[in-house]
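**Student:** Show me how the following folds:
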Amino acid sequence: MTPLKFALPALVVCALLAGCQSNNKKTAEDGEILMPKMQQNTYLSHARAPQEFGFAAYPVGNGIGFQGTGHLHPNHMATVEFLKGKVPVIEMRGMSKRKKINMLLDTSSNASWMEFINAEEFGAIFLGIEGKYVPYRGGYNTGGADAYAAVVKQMRINQLFIENTPLYVRMAMNSLGPMARGIVKPTVEGVMGYDVMRNFEYIQFNLDQGAVQFSASIPYVPNEQHLMTKARIVPQKDYGLAVEGAIFGTATPIILDFAGDFHFVRSDAKVAITKQVSIGDIVYRKVPTMLYPVDETRAAQPLPRAGRRMLEDYVVTICPKLGVVYFERYSK
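**Tutor:** Here you go, the predicted structure:
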């Protein structure tokens, strides 16, 4: 993706953040094919109950919802390079080595995703009970496509196994729509959101090396000589990873968005530069800023986001179980 200017048209920002509602549908001429309802129903008719995979099910209106997470094998670790530069897209595999998918690591997303054809190749099973399914009910733009909850029995990051991964299948072929975050190269075929990442003991992003490390159960011990700060994770409904932060001294949760190719985005002020942004004890000054269009579907203004260009100065280690994120200087 080319470098972003300080201000972008609202439509472009929506695509980057995947956070604005839209009813615009792409067509097959754009390489995307939205699945007709009849075809969707054919696949959904084979849905299985969430309880079969260890998830809880509960009624929501006339349908059902589910709650649950995947299962990690203890003591497993994996370090994997990004497919291109600092863009956090990695290759993941399924039960067979022949099954592989380009997964975007999107800490800002509270849900994980797969494009339909890839979901079929990975044997994704839709979730449902007696003709009631689990549609995506979150606040993110799906690009006009329906989406339903499913589970993939096994996914691998090298030899690190994730069993029964819950995700949403976007009912369109050849595209993930806004969930791809405007990333063209490498092609994004799926998204690992923070809903999956929060199950790990830690995930470490090293943008300087273009790599990420996952640990299923072995704790992380920061290098005290390189440690700049640790920021407390502050869970936010309908958001992914948020940490304690401040804008010019006013406390606010800040979303960490490694998938976003920008410095900083905010919705409360239209400025090209934010004079001061703090994450934990780290203070950023004169930060290039984009305006995040107000999402009318939310009761409050969208939370500010620190993008990849703001985070790349540090090794960032997310420890969900400890509830902290460590920021360390790169070792020489």
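**Student:** Next, count neighbours for the closest residue to Ala180 other than its chain neighbours.
**Tutor:** Among residues not flanking Ala180 along the chain, Val188 sits closest, at 3.9 Å (CB to CB, 6 or more residues apart in numbering). Using the backbone N, CA and C atoms, a C-beta is placed for each residue, glycine as well. Residues near Val188, counting by other CB atoms under 10 Å, number 25.
**Student:** Val188 and Gly177 touch, don't they?
**Tutor:** No: proximity of Val188 to Gly177 does not meet the contact threshold set by CB atoms under 8 Å, at 10.1 Å.
**Student:** Any buried residues in stretch 190-208, and which?
**Tutor:** Buried residues in stretch 190-208, defined by neighbour count with 16 or more other CB atoms under 10 Å: 190-207.
**Student:** check contacts around Gly249.
**Tutor:** For Gly249, the contact set (CB atoms under 8 Å, 6 or more residues apart in numbering) comprises 276, 278.
**Student:** brain fart, Met155
**Tutor:** So Met155 contacts 92-94, 122, 161-162, 165 (CB under 8 Å, 6+ apart).
**Student:** Of those, which is the nearest to Val325?
**Tutor:** Distances from Val325 to these, taken as CB to CB, are shortest for Ile162 (21.3 Å).
**Student:** Which strand or helix spans the closest one?
**Tutor:** strand 160-170 (DSSP states H and E).
**Student:** Residues contacting whatever helix or strand comes next after that strand, please?
**Tutor:** Once strand 160-170 ends, the next helix or strand along the chain (criterion: DSSP H and E) is strand 172-173. With contact meaning CB under 8 Å, 6+ apart, strand 172-173 is reached by 32-35, 115-117, 143, 145.
**Student:** Compute the first-to-last residue distance for stretch 257-267.
**Tutor:** 15 Å (CA to CA, to the nearest Å).
**Student:** and if you look at stretch 292-312?
**Tutor:** Start-to-end, stretch 292-312 (CA to CA) is 21 Å.
**Student:** got it, and stretch 216-230?
**Tutor:** Termini of stretch 216-230 sit 21 Å apart (CA to CA).
**Student:** in it, what's buried?
**Tutor:** Those would be 216, 220, 222, 228-230, for stretch 216-230 by 16+ other CB under 10 Å.
**Student:** any idea of the pLDDT on the residue nearest to Ala180?
**Tutor:** If you check Val188, the pLDDT there is 97.
**Student:** Is it correct that Phe264 is in contact with Ala306?
**Tutor:** Yes: judged on CB under 8 Å, Phe264 makes contact with Ala306 at a distance of 6.0 Å.
**Student:** shared neighbours, the two?
**Tutor:** Common neighbours of Phe264 and Ala306 (CB under 8 Å, 6+ apart) are Val277.
**Student:** Would you check the contacts of Met155 and say which has the weakest pLDDT?
**Tutor:** Among the contacts of Met155, Gly94 has the weakest pLDDT, 89.
**Student:** Please determine how far that one is located from Met310.
**Tutor:** As judged by CB to CB, to the nearest Å, Gly94 and Met310 stand 34 Å apart.
**Student:** Fine by me, thanks again.
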